[in-house]
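Student: Got a sequence here, can you build the structure:
(4 chains)
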Protein chains: 4
Amino acid sequence: MIRMQRPESARLFGTAGIRGSVKDKVTERLALDLARAMSTMLANTGQVIVGSDYRTSSAELRATLLGGLLAGGIDALDAGFLSTPILAFGVRTSGADSGIMVTASHNPPEDNGMKCYSHQGREYVPEEEQLLEELICQHQFTDVSWDHMGALGRAPDLTDLYVDRLLDLMQPLRRRLRVVVDCANGTTYNLTPLILSKMGCEVISLNAQPDGRFPGRPAEPNPTNLVETCRFVRSVGADLGIAHDGDGDRLALIDEKGRYLNNDTLLAFFARLLLTENGSGRIITTIDTSSRIDKVVISSGGTVERTRLGKTHAMLDREDRETVRLCCEPWKIIDPAWGFWGDAIYAACKVVQALDLSKGVVSALFRGIPDYPQERFFFPCPDHLKDAAMTNISNVLTSEKGVLDVSKLDGVRVNFDDGSWILIRKSGTEPKIRVYCEGRSPARLRQLARKSSGLVKKSIGAAQRAA
Amino acid sequence: MIRMQRPESARLFGTAGIRGSVKDKVTERLALDLARAMSTMLANTGQVIVGSDYRTSSAELRATLLGGLLAGGIDALDAGFLSTPILAFGVRTSGADSGIMVTASHNPPEDNGMKCYSHQGREYVPEEEQLLEELICQHQFTDVSWDHMGALGRAPDLTDLYVDRLLDLMQPLRRRLRVVVDCANGTTYNLTPLILSKMGCEVISLNAQPDGRFPGRPAEPNPTNLVETCRFVRSVGADLGIAHDGDGDRLALIDEKGRYLNNDTLLAFFARLLLTENGSGRIITTIDTSSRIDKVVISSGGTVERTRLGKTHAMLDREDRETVRLCCEPWKIIDPAWGFWGDAIYAACKVVQALDLSKGVVSALFRGIPDYPQERFFFPCPDHLKDAAMTNISNVLTSEKGVLDVSKLDGVRVNFDDGSWILIRKSGTEPKIRVYCEGRSPARLRQLARKSSGLVKKSIGAAQRAA
Amino acid sequence: MIRMQRPESARLFGTAGIRGSVKDKVTERLALDLARAMSTMLANTGQVIVGSDYRTSSAELRATLLGGLLAGGIDALDAGFLSTPILAFGVRTSGADSGIMVTASHNPPEDNGMKCYSHQGREYVPEEEQLLEELICQHQFTDVSWDHMGALGRAPDLTDLYVDRLLDLMQPLRRRLRVVVDCANGTTYNLTPLILSKMGCEVISLNAQPDGRFPGRPAEPNPTNLVETCRFVRSVGADLGIAHDGDGDRLALIDEKGRYLNNDTLLAFFARLLLTENGSGRIITTIDTSSRIDKVVISSGGTVERTRLGKTHAMLDREDRETVRLCCEPWKIIDPAWGFWGDAIYAACKVVQALDLSKGVVSALFRGIPDYPQERFFFPCPDHLKDAAMTNISNVLTSEKGVLDVSKLDGVRVNFDDGSWILIRKSGTEPKIRVYCEGRSPARLRQLARKSSGLVKKSIGAAQRAA
Amino acid sequence: MIRMQRPESARLFGTAGIRGSVKDKVTERLALDLARAMSTMLANTGQVIVGSDYRTSSAELRATLLGGLLAGGIDALDAGFLSTPILAFGVRTSGADSGIMVTASHNPPEDNGMKCYSHQGREYVPEEEQLLEELICQHQFTDVSWDHMGALGRAPDLTDLYVDRLLDLMQPLRRRLRVVVDCANGTTYNLTPLILSKMGCEVISLNAQPDGRFPGRPAEPNPTNLVETCRFVRSVGADLGIAHDGDGDRLALIDEKGRYLNNDTLLAFFARLLLTENGSGRIITTIDTSSRIDKVVISSGGTVERTRLGKTHAMLDREDRETVRLCCEPWKIIDPAWGFWGDAIYAACKVVQALDLSKGVVSALFRGIPDYPQERFFFPCPDHLKDAAMTNISNVLTSEKGVLDVSKLDGVRVNFDDGSWILIRKSGTEPKIRVYCEGRSPARLRQLARKSSGLVKKSIGAAQRAA
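Tutor: Reported below is the predicted structural model:
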């Protein structure tokens, strides 16, 4: 067997599964390998559902994954094109052993990716991903004899089932809200608009034609890509704007004035909402999110716990998961009472429901959530210098005056006694050191940013000289 | 066999097939009878495709029609939910012997209807409808022995095929046009927006969630129902607004200023366009359409022929159909070079294509088509007095001064030497006499309307006294 | 509304649902009425699955039933072509509210029928059938408003699921049994042969091509129709012959010598088998079955209860159903531990399993079950004389010498102290009085038959004179 | 790119596509490579249909092929499980550019294979296979950019269409023939029995349950594997026995006395039949078939042409194909008037039709076709000695007394003036030299076999010494 050597920095799995260019990373060969690796991990038995978004390379990867799973002794179900939350929902609902979603989420159209889900509909945790990665890199696949290969089937209509279940949870609206939904030419095109319409909204749809070339706008629902959508929301007098990425796992909100809502504010909103609805409990978030979440959670009677980036869902694997009210990280909202997956469609419905009940405008929903100024930037740093630089950074940072507490889960984060904080970490996939700052005031933010900036530059320089 | 007596005025087939309330007219029993009648007409052999729009009663009627056709010895293909033009397209493409579309087009949601199509995709002509009607009213259905009943199948995916064929005809756009498409919560929801997007438009979709309750707006795309859509087109700065009815056979246009386009002007536009594209020939229209069509056609080198209301497609049954460039009547545009059915989706694409090529605004496309003022009104008249009244009306009208020519195809229409005209006819379905006037100027229109009004009132009064 | 008058003797529902000629009884109109009646009974809400056998008229009735259910506000699922036991299985498994199977079972090909199943997969009991019959005869259907009509769907693949569940229950065979399966050109063609093959049998298939014309042999698996199959079983040296009817709810067995097995003996076999497997309990059977069942059941530690013809399943509606080990009647075997429906496919598998475990030949399996001689005959009797004749018959019969006990559930059955018995009853559907005798010896049978024959003739004569 | 070196003797493509063990030859990786190679050959555009037999590894290879084709820019249609002739038929009928059938035909169950078909439904010719092989071995696949990957679809129901077309060609039978059909647990299970039943046969089915483990008998329909079937045909008094392999491209016949019919005699029968039906013309066969074919063809007014083994279909690529009446080789019967593929289902129907018309028994159909005795054997010979040995063999053989003509298309075949012949050739896939002899009498055959045997042994010995 051929052994491929991969440098540490070229790891297959990133913060959200495997993702990259279909030209040289996410190829049909990698799909075959991932399928064989998962088959090996599942002891060459059981059932796996495979679905995809509408990217031009998605059907190809889906078919190849199905082939690889069957070759690995797994019964494989083709779920066709659907949204990522629905694939996760489908794995749990149908009693399958795992699921694979072919999507690169909000990446450019020339990329694609594959994301794995457990039988509960939870994204694979780091241990599971690491096992797959090792099996793939070492081509250690358990072979299956000719008479133990899997059977191929089609998944039942998961989208219909999902819509029914979700509508069962929601109340019919008491107001006729006008909502703009921007589907990013992705899988939500016949989903979020339909559900909101059934709930009673007047829906105006943008980019609601599935097209893997993303002709409407880039798939990432960030402020830059949504400038025009924001203007549109305001111009048509909508009560709310909702924007997705290509596979329906990201939610961006635009208020009645066409203003793009800070993502951390959205997370804080959900934390407060779910603590109110489901009672006191724990809010899991990542080390790079705002302390506005802590502020809101504490005043709502909850507690906050922080994890590494992209891995809040790993907390749902533990025994104490019953007390978790929300896992939230940048662009991911998991309400465990609904399901163990990030679900932007569900989240959109919850916001609309809350807006209807509030009787006010959408921006009023977020009042009471402070808007602390933030800054994010990075410095180039060769991989081999990262550790040395980080050691110095950590030493200096933790001994700063006014540091209240320190977290070293992923890089180093220091929280100051005034509620401001700095996080400095090395990038897992690129030759960079990243800096995140939040201050209680613009002046304080400027001070922290200047301090961090100087520290990182100096530390990289020192590491360079020492090397 | 049970014989049902129906008064003449309660005829089953109107100007567009059978249509009416599902409560007491378009019931599952009528569906069974229509299917048995069509089976009888087709000599209890051959293949029929059945499709429907998304009305809440459509699946019911579709299933029952399938049952009745099978009972009548016909192989029946279920085409599921689709647009009316696609059902017609599908009948022609697949070599079926006939098709039935379950739809009440733009009627309110509590209505439904059934429209029959020949193997060429042409709506049934009056002779065919009359035969069906007689068979139904007299319950004269040929029974089929147990071993000659039909086989049930599913039609292939006609929508995909239609989209491919239509896109093959269209050029990719050279401008990125912003188009608002209002789908009336009907069958075009994943069709017109998708095709226009593939052509290169930026599409904003309204009422693009299929819903037989028509929550967005009433299904008829008339100026009243589209007031808000017109305002919307203007507010978002769209280049063009397109509005359909519930089953995709009606097209309304809104210009860049949010102005609703007169339907006769749209017909005149298509007459000119197709004469230009396909060469000189005949334009078939109905007696109730504007003389602006004649004006435009003549100056484009074509000739105009007029038929009874709702029956322009009957001209495509004749041997000289090769010279027909367009059949057009209020809300129906048939380009025989594309197909023998009214097709609002195709028409929408043609307008967008023309707009792209013109390099100007959409309102500029219609320049050169005169906008003669029109008026339509009616007077109540019991059925038994209609004929007497009409005799008098006809006598007076045809002897008016300045009458250039007279048509008695359906009521009486007189064309005056200045291009103005009056049409007076009895309603086929209601106890009314209807009047249509068009003047070359507002003053002339007022004069004609006054004259007609007096004449009709006097004639009904005289008929009453004589009775 | 039209009211149809039906004489009592022309009742719609017989011993197994509605059945009759498609020419003048089981028409598309009756299908529509049954669907509307069931909708009314289900309060115009819920879900119903509709399936059919391969009769030439089955697709027609299935489609019309679907239409009628939708019109009645029911969500209707089309299950296509399948075996009757699988329809029943599917209703229970999928959580539907009821099911309708289109089949005339073993009737000639020009007949068809419709059988209704409850949410547990149990055939409708007499009370339910009577309600449907009244609603149909009086056309008392609750109308449903346009916006409450049902949604049409397709049932999941019930046959695959059924095969999986059944195979899970069975052990792989330890011998390679050669089995002839005669599928009567019906729905079992890809079912019993496949399951037995998967269990490890060598299968020889006869009439295993689905064909509603029954070209191979008449659909009823009686000794006359199976003469050739019996000869075939012997000539190919098979261990066992299995024959079905057209829809898979009847099972006939042929032993290794090509002998057709008495149906009552088969019932007794199952009674003994299930008492052995599942422990002591009650065996429900009908008044026309052999006392060999009682003999076997008692010696196996069970008790026998008798019901009217065709209605043993009604006992599964009662609270004490947990103690029922088997409902069996001529041609119907219900093992409540598997499901509440007669299931000839399951029964075939159980016989094969038992044969495998026995290590002997199949005829040895039935040893110990006595083979009391039986006779069945009838006398013509006009409907209006039936009651008078039966009164006399009952009086005479019950006062016979040696009568041990009397049952008047359906006609009159007297059991004599030597174990012999006579049952005399009026036919529910034809102008006949029917006689069933069983004697412990051929001589005793002759005596009973003579006695009954004389009694019935005399009683009809007396009734005639009195009238 | 990785370059795999393959020895000449381990060529991928043999006489019937790629075939071998799924463990180490026909793996999912090879499927991916074949798909990429075919995509490259088709210039990364067009449509390919992929189907498979029921082998346990077939779904796996089918899915992976679909993935590879899509990755190569090809629109791929999944045809599911079907018979090889139907895949070929489907490619031609649907206008696809090529087809791939996943099957190892009659090989053991642990093998699988892939066979390619041109747009006419013709197996790939050697030039096409060689190109694929080079592309695969050198991994020279044209990459396709992310936005040019193929679309995935499902093929329409090709089996239904095939059955309809075939039944259209056949006359209803005038006799009720009893036919045993042994389906080898393969794809014909619901095909040949059904068609023959529809034609009017009484069909007894053996091994008619699809099962990729071939539990009934080994898939190759040779005399050894059919001993029991032959006995069965006789014991049930059938008029005819028909046996297939696992994918429906092989036909073996058994006569009314249970005798297995020599395959060359079957070919001669078809030659005569088609010359009679379609008029004089050319019969293409391979160099290893009997001179009984020549005998029969010449007396039927046709001419015989011989090609290399497994490649008669290549003659259908030439301009003069109109005059070809039959391509036949061991186990392959191509009637170009029906289609350019070997079709055992079609051939079975033709035999049954001929039998019906003949009014006699099936063995009488083959009267007049002489049964010259044949022998086939081989000698081990290392690859590197083959050429030297063959040179000597050829020299000696062609200078034999009485040689009428010599063919060196594949090895050397000499025809003697009495009609007897010898063919000696090196195996393309194994270290062997193969000998085929046919004599006009048993004595003559013994003489030729002795002569060849001595010659080959001597030549290998000489080559060994010279090396």
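
Student: Identify the residue spatially nearest to the residue of the stretch 301-450 of chain A found nearest chain D, adjacent ones excluded.
Tutor: Closest residue of the stretch 301-450 of chain A to chain D, CB to the nearest CB: residue A:429 (20.3 Å). All C-beta atoms are positioned from the backbone trio N, CA, C, and that covers glycine. Nearest residue to residue A:429, sequence neighbours excluded (CB to CB, 6 or more residues apart in numbering or on different chains): residue A:14, at 5.5 Å.

Student: thought that neighbour was touching residue A:428?
Tutor: Yes: Residue A:14 is within contact range of residue A:428, at 6.7 Å (criterion: CB atoms under 8 Å).

Student: re the thing from before, a strand runs through the residue nearest to residue A:429, doesn't it?
Tutor: Yes: counting by DSSP: H, G, I helix; E, B strand; the rest coil, residue A:14 is located in a strand.

Student: what about it, how many neighbours?
Tutor: Residues near residue A:14, counting by other CB atoms under 10 Å in any protein chain shown, number 15.

Student: And it, how close does it get to chain D?
Tutor: 19 Å (CB to the nearest CB, to the nearest Å).

Student: Contact partners for that residue?
Tutor: By CB atoms under 8 Å, 6 or more residues apart in numbering or on different chains, the contact set of residue A:14 is A:310, A:428, A:429.

Student: Output the helix or strand hosting residue A:390 in PDB with nothing but the alpha carbons.
Tutor: Assessed by DSSP states H and E, residue A:390 sits inside helix A:383-398. Provided in PDB are the C-alpha atoms of helix A:383-398 (Å, rounded to 0.1, in the frame of the first residue of the first chain):
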ATOM      1  CA  ASP A 383       5.300  26.800  11.400                       C
ATOM      2  CA  HIS A 384       8.600  25.900  13.000                       C
ATOM      3  CA  LEU A 385       8.700  29.200  15.000                       C
ATOM      4  CA  LYS A 386       5.100  29.100  16.300                       C
ATOM      5  CA  ASP A 387       5.800  27.200  19.500                       C
ATOM      6  CA  ALA A 388       8.700  29.300  20.600                       C
ATOM      7  CA  ALA A 389       6.800  32.500  19.900                       C
ATOM      8  CA  MET A 390       3.700  31.300  21.700                       C
ATOM      9  CA  THR A 391       5.700  30.300  24.800                       C
ATOM     10  CA  ASN A 392       7.000  33.900  25.100                       C
ATOM     11  CA  ILE A 393       3.600  35.400  24.300                       C
ATOM     12  CA  SER A 394       2.000  33.300  27.000                       C
ATOM     13  CA  ASN A 395       4.600  34.200  29.600                       C
ATOM     14  CA  VAL A 396       4.200  37.900  29.000                       C
ATOM     15  CA  LEU A 397       0.400  37.900  28.600                       C
ATOM     16  CA  THR A 398      -0.400  35.900  31.700                       C
END
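
Student: ok, and what's touching it?
Tutor: A:7-9, A:381, A:403, A:406, A:408, A:411-412, A:414, A:422, A:424-426, A:431, A:433, A:455-456, A:458-460, A:462-464, A:466-467.

Student: How about the backbone phi and psi for the residue of the stretch 301-450 of chain A closest to chain D?
Tutor: According to degrees, to the nearest 10, the main-chain angles of residue A:429 amount to phi -120, psi -10.

Student: Correct me if wrong: it contacts residue A:11.
Tutor: Yes: in terms of CB under 8 Å, residue A:429 counts as a neighbour of residue A:11; the distance is 7.1 Å.

Student: Please name the residues that touch residue A:237.
Tutor: A:178, B:235.

Student: secondary structure class for it?
Tutor: Three-state call for residue A:237 (three-state DSSP): coil.

Student: From residue A:180, how far off is it?
Tutor: Going from residue A:237 to residue A:180 by CB to CB, to the nearest Å gives 10 Å.

Student: now do residue A:95
Tutor: Remark: distance between residue A:95 and residue A:180 (CB to CB) = 38 Å.

Student: likewise residue A:104?
Tutor: Residue A:104 is 25 Å from residue A:180, by CB to CB.
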